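[1] build me a structure from this.
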Amino acid sequence: MISLRSITVSYGGFTLLDDVSFHITEGEKIGLVGRNGAGKSTLLKLLAGEQSPTKGMIEMPSGIRFGYLPQIKESAKGKTVLEEAMEAFSEQKELEEEAARINRELETRTDYESSAYARLIDRLGEINGRLSMESHSSRRARAEKTLCGLGFKSEELGRMVETFSQGWNMRIALAKILLMDADVLLLDEPTNHLDIESIEWLEDYLSTSRCALLLVSHDRRFLDNVTTRTVEIVLGHIYDYKVPYSRYLELRAERMAQQTAAYENQQRMIEKTEEFINRFRYKPTKSNQVQARIKALEKLDRIEVDEADDQAFTLKFPPAQRSGDVVFKTTDLTAGYPGKVVFTGANVEIRRGEKVALVGRNGEGKTTLLRIMSRELDPIEGEAVIGHNIKLGYYAQNQEDILDGSLTVFETLDRIATGEMRTRLRDLLGAFLFRGDDIDKKVSVLSGGERARLGMAKLMLLPYNVLVLDEPTNHMDIRSKDILKQALKKFDGTLVVVSHDRDFLDSLVDKFYEVRDGRVKEHLGGVTEFLEKRKIENLQQLERRTASEPEPKAPAPEKPSPAQSQILYKEAEKASRKRRSRIDYLEKEIAKKEKEMSEIEKFLANPGNNCDILQLTRDYLENKRSLDALMEEWTGLMEHEN
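    Modelled structure (predicted):
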């Protein structure tokens with residue numbers, strides 16, 4: 001269906017893709033893998049027509065339709081969620097308008113025998129044939145089903161898109177692409193903003209879809225469940241494996257072993273040949289043999305070993321001091337913020353040594369529960385008790401809000417390290433892939449993955465016996481996630497983690513607390529048992545709830561006494577002032593990021609000869625990620641203000 005022939009992409013003197021060729025057949029599901037910066041996103045842009053190759057060509061049938069989801073996409077404004085999703089059917093709408101124009105023209109024409117009249121009749125038949133597959137009402141139903149599958153509640157479909165965070169707007173963009181009925185889907189990290197349930201739904205959708213798929217993802221389980229072929233980009237070249245991701249890893253290891261063995265054999269042969277040449281170079285009786293071997297070396301096709309993406313850090317958390325048997329316990333806990341109750345009646349008990357996951361839809365209260373556990377937030381009602389001798393290390397979701405951008409990588413750790421650890425900071429940073437000049441980088445220029453690793457390194461400096469991690473694997477590649485997971489499995493303290501990464505949670509945690517519909521429910525067992533049980537519950541709830549019925553709301557707490565009301569009022573005033581101060585700070589940071597992005601856009605629009613386009617693009621995307629995080633927090637705070 002689509003052929004990429006000898007594709008080369010170069011930026012100045014740097015070649016990103018070098019003479020790449022492969023074929024995409026109809027309905028094929030392909031996973032595109034490779035280290036960060038290998039060219040995966042560039043390849044998607046080439047196919048989507050957003051970028052042109054330096055050399056080579058892409059051959060495809062005329063009229064083929066692509067659905068392209070980039071990592072970052074501008075959000076729409078001025079429409080409801082449903083209206084924006086319905087824009088996916090703009091082509092059908094245009095066909096309906098064209099059919100109406102033709103019908104009006106036919107009503108006034110009388111040249112029934114003319115070729116022009118016959119062409120109108122043929123065109124009308126063609127349009128009606130294409131439109132007969134779906135009515136407007138069925139398209140609306142499809143849009144609602146897709147949006148709900150991606151996590152929207154029925155009553156949210158009428159909200160304006162600008163009232164949602166960037167993450168939720170990316171879900172709308174994904175819904176539009178899925179509704180397009182494209183021949184080929186090009187999806188760049190589509191699960192980045194999805195929770196477990198939405199990922200499950202998307203898996204089912206993609207695996208049963210008839211369209212071809214080219215997918216970039218760091219979710220190993222998602223790749224295994226959706227794709228049947230894996231294309232790896234290494235140093236500008238590709239290796240094509242007709243197998244899913246897990247099997248690809250095995251075949252890749254075999255290929256690397258064979259390549260290394262062939263390289264070593266060739267190097268031994270070269271060494272012996274050069275030894276012979278040097279030994280007999282000036283001996284007349286051996287001159288013919290020497291010349292023959294010199295020519296043979298010159299013609300030799302030398303084997304190169306591909307650069308393996310094996311560089312990774314080794315994690316070992318410090319031994320955990322013994323804590324009390326009960327680490328954290330709540331009794332009839334009501335939690336939330338002034339004017340907004342998030343959940344009520346929560347009874348949670350986490351014991352020493354347990355590894356627990358908090359799961360649920362975004363906005364249901366997972367982070368709220370973590371904030372109560374870390375004493376950043378007080379309960380509205382009920383009791384929340386921290387156990388004896390607890391030393392808690394808290395990894396927050398947005399490291400850019402916690403790390404000081406004006407400090408270097410080394411200074412970030414040097415300011416909190418004590419005792420012997422101060423002499424081992426370079427070793428610790430090296431374990432987290434900060435080597436050489438990397439430790440002198442300002443935090444403000446670090447990528448999302450680098451910030452995540454630096455934030456995790458901070459947790460290594462003190463002997464915590466409780467680790468509370470909020471989405472620790474965001475921006476981490478598969479290898480980094482695997483190593484972090486193994487370190488956490490060996491951690492002898494207590495772990496509480498929020499994550500939507502099923503592969504990361506599998507075999508790591510043994511208990512779940514699900515935050516849903518204003519309640520907190522305990523589930524014992526691993527991730528497989530939880531998902532199987534949750535899927536059954538989900539189907540029952542969908543059967544009971546119609547599109548017009550709102551989801552159940554958390555009950556309001558009982559009316560407080562006058563004295564309690566006065567205390568709550570003062571706390572609300574204090575929280576409001578603090579929130580207003582934070583909003584002011586965020587608005588300044590947002591303006592700053594937007595200005596920086598505007599400057600980069602000017603350079604990209606008219607790059608000079610010495611302009612590093614690749615680095616500018618990376619800087620732009622990193623600024624965009626930071627801006628999205630700032631906007632998401634700002635939106636949440638503004639909702640509380642309103």
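[2] how far away from the center of its chain is the helix or strand containing S10?
    Using DSSP states H and E, S10 sits within strand 2-11. How far strand 2-11 lies from its chain's middle: 26 Å, per Cα atoms, centre = their mean, to the nearest Å.
[3] next structured bit after it?
    strand 14-24.
[4] show the average pLDDT along that following strand.
    Average pLDDT, strand 14-24: 89.
[5] ditto for stretch 344-357
    Throughout stretch 344-357, pLDDT has a mean value of 94.
[6] what about that stretch, distance to the chain center?
    Centroid displacement of stretch 344-357 relative to its chain, using Cα atoms, centre = their mean, is 28 Å.
[7] in it, which residues are buried?
    344-346, 348-357 (16 or more other Cβ atoms under 10 Å). Quick note: C-beta positions are derived from backbone N, CA and C, even for glycine.
[8] biggest separation within those residues, which pair?
    Within those, T344 and G353 form the most distant pair, 28.9 Å apart (Cβ to Cβ).
[9] just the ones in strands from the buried residues of stretch 344-357, please.
    Among those, the members found in strands (DSSP state E) are T344, G345, A346, E349, I350, R351, K355, V356, A357.
[10] pick the one among those residues closest to E364.
    A346 (11.7 Å).
[11] which residues does the closest one contact?
    For A346, the contact set (Cβ atoms under 8 Å, 6 or more residues apart in numbering) comprises T330, D332, L333, T334, A335, L369, G382, R519, V520.
[12] which element is the last one on?
    Spelled out, it's V520. strand 519-524.
[13] tell me which strands and helices that strand is in contact with?
    Contact here means 3 or more Cβ pairs under 8 Å, 6 or more residues apart in numbering; DSSP states H and E; on that basis strand 519-524 packs against strand 340-346, strand 511-516, helix 527-544.
[14] kindly recompute the last result at 6 Å.
    In terms of contacts (3 or more Cβ pairs under 6 Å, 6 or more residues apart in numbering; DSSP states H and E), strand 519-524 is packed against strand 511-516.
[15] remind me what the strand it packs on packs against, helices and strands.
    strand 355-359, strand 519-524.
[16] and the first one, C-alpha only, in PDB?
    If I follow you right, that is strand 355-359. Output of strand 355-359 as PDB, limited to C-alpha atoms (Å, rounded to 0.1, in the frame of the first residue of the first chain):
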ATOM      1  CA  LYS A 355       3.400  -2.200  47.800                       C
ATOM      2  CA  VAL A 356       0.200  -0.500  46.900                       C
ATOM      3  CA  ALA A 357      -1.100   1.200  43.800                       C
ATOM      4  CA  LEU A 358      -3.700   4.000  43.600                       C
ATOM      5  CA  VAL A 359      -5.700   3.900  40.400                       C
END
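[17] got the angle between the helix or strand following that strand and strand 355-359?
    Per DSSP H and E, the first helix or strand lying C-terminal to strand 355-359 is helix 366-373. Put simply, helix 366-373 runs at 130 degrees to strand 355-359, going by axes from the mean of the first three to the mean of the last three Cα atoms, to 10 degrees.
[18] please state the backbone phi and psi of the spatially most central residue of the chain?
    Geometric centre of the chain, nearest residue: N192, 2.5 Å, by Cα atoms, centre = their mean. Dihedral pair for N192: phi -60, psi -40, per degrees, to the nearest 10.
[19] where do the strands of the stretch 451-600 of the chain begin and end?
    466-470, 494-498, 511-516, 519-524 (DSSP state E, counting those that start in this stretch).
[20] how many residues are close by R65?
    R65 has 12 neighbouring residues, counting by other Cβ atoms under 10 Å.
[21] just the pLDDT for it.
    Predicted confidence (pLDDT) for R65: 88.
[22] residue contacts, it?
    By Cβ atoms under 6 Å, 6 or more residues apart in numbering, the contact set of R65 is A182, D183.
[23] please tell me how far it sits from L214.
    In this view, R65 and L214 are 14 Å apart by Cβ to Cβ, to the nearest Å.
[24] list the residues that contact V9.
    L16, L17, T42, P53, T54.
[25] would TSV of those with distance to S75 and neighbour count be doable?
    What follows is those, written out as TSV (distance: Cβ to Cβ, whole Å; neighbours: other Cβ atoms under 10 Å):
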residue	distance to S75	neighbour count
L16	29	19
L17	30	23
T42	24	20
P53	30	19
T54	32	13
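[26] out of the residues you listed, which comes closest to R210?
    Closest to R210, out of all of the contacts of V9 and judged by Cβ to Cβ, is T42, at 27.0 Å.
[27] check which helix or strand covers that closest one.
    helix 40-48.
[28] same for that helix, what does it pack against?
    strand 184-188.
[29] so how far is the strand it packs on off the chain centroid?
    14 Å.
[30] any idea which element the closest residue to L124 other than its chain neighbours lies in?
    Closest residue to L124 apart from its sequence neighbours, by Cβ to Cβ, 6 or more residues apart in numbering: I102 at 4.9 Å. Element membership of I102 [criterion: DSSP H and E] is helix 90-108.
[31] after that helix, which helix or strand is next?
    Next helix or strand after helix 90-108 toward the C-terminus (DSSP H and E): helix 115-131.
[32] okay, the angle between the helix or strand just after that next one and helix 90-108?
    Once helix 115-131 ends, the next helix or strand along the chain (criterion: DSSP H and E) is helix 136-149. With the same axes, to 10 degrees defining the directions, helix 136-149 sits at 170 degrees from helix 90-108.
[33] now the helices for the stretch 201-350 of the chain?
    For the stretch 201-350 of the chain, the helices defined by DSSP state H, counting those that start in this stretch cover 220-226, 245-280, 287-299.
[34] can you spell out which helices and strands pack onto the shortest one?
    Using 3+ Cβ pairs under 6 Å, 6+ apart as the contact criterion, the elements in contact with helix 220-226 are helix 196-208, helix 245-280, helix 502-505.
[35] and the residue nearest to R281 when sequence neighbours are not counted, what does it touch?
    Leaving aside its sequence neighbours, R281 sits nearest to V290 (Cβ to Cβ, 6+ apart; 5.7 Å). By Cβ under 6 Å, 6+ apart, the residues touching V290 are I277, F280, R281.
[36] of the residues you listed, closest to D301?
    I277 (18.9 Å).
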